[in-house]
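Q: next come a sequence and a model predicted from it.
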Amino acid sequence: MKILVLNGPNINMLGIREPGIYGKRSFADLLALLEQTAKEEALELTQFQSNHEGALVDQIQAARGVFDAIVINPAAYTHTSVAVLDALKAAAIPAVEVHISDVDAREPFRQISYAGMYCEKTIKGHGLEGYREAVLYLKEKYGS
Ligand code: DQA
């Protein structure tokens, strides 16, 4: 099974940015967690992070016919990007949305998720472990 893990703007700043909200674990720690999960679960995980909306749209489009599922943390684009939502709809690949923080317990503008209108599940507030949960959910549901 091939899963694409997409991360939006500022996720590369994990461990540095607002540790009280996002924790002290770094982006490198996230990549290590994904690598370990891939090994343990015998999955092919590809990670892509970008601070640019169009780059994320390009990756989602290119995932069609290549990946079996997507795990996406669109970060700030969660709350603004109809383009990311439309790309997910166009690619039509099963997708799970992840947020490191509990967006529901934060500012009202973080409670709107465009990507979430496509994703079949949202995991929020579980820190980096949320990515593993998303991968395990997709493996259980779509893995052969
Ligand atoms: C985030 C939550 C978003 O509101 C924020 O803009 C992010 C990260 C999260 O993982 O908790 O950059 O998606």
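A: Now that the structure is in, tell me what you want to look at.
Q: need the residues that contact stretch 31-42.
A: Residues outside stretch 31-42 that contact it (Cβ atoms under 8 Å, 6 or more residues apart in numbering): 5, 43-45, 47, 128-129, 131-132, 135-136, 139. The way it works is simple: take the backbone N, C-alpha and C, and place the C-beta from them, glycine included.
Q: dump those to CSV, plus pLDDT and distance to residue 72.
A: Shown next, in CSV, are the contacts of stretch 31-42 (pLDDT from 0 to 100; distance: Cβ to Cβ, whole Å):
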residue, pLDDT, distance to residue 72
5, 98, 8
43, 98, 16
44, 98, 17
45, 98, 13
47, 98, 11
128, 98, 15
129, 98, 16
131, 98, 10
132, 98, 15
135, 98, 12
136, 98, 16
139, 98, 16
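Q: so how far is residue 18 from the residue nearest in space to the middle of the chain?
A: With distances taken as Cα atoms, centre = their mean, residue 72 lies nearest the centre of the chain, 2.2 Å away. According to Cβ to Cβ, to the nearest Å, residue 72 and residue 18 sit 21 Å apart.
Q: before we move on, what about residue 61?
A: Remark: distance between residue 61 and residue 18 (Cβ to Cβ) = 31 Å.
Q: wait, the residue nearest to the centre of the chain touches residue 98, no?
A: Yes: counting by Cβ atoms under 8 Å, residue 72 touches residue 98, with 7.1 Å between them.
Q: the ligand contacts on the chain?
A: Within reach of the ligand by Cβ under 6 Å from any ligand atom, the chain has these residues: 10, 73, 75-76, 78, 99-101, 103, 110.
Q: make a ChimeraX selection of the buried ones in those.
A: To isolate the buried members of those in ChimeraX, using 16 or more other Cβ atoms under 10 Å:
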select :10,73,75,78,99,100,101,103,110
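Q: ok, back up a step: skipping its backbone neighbours, what lies nearest the residue nearest to the centre of the chain in space?
A: residue 6 (4.5 Å; Cβ to Cβ, 6 or more residues apart in numbering).
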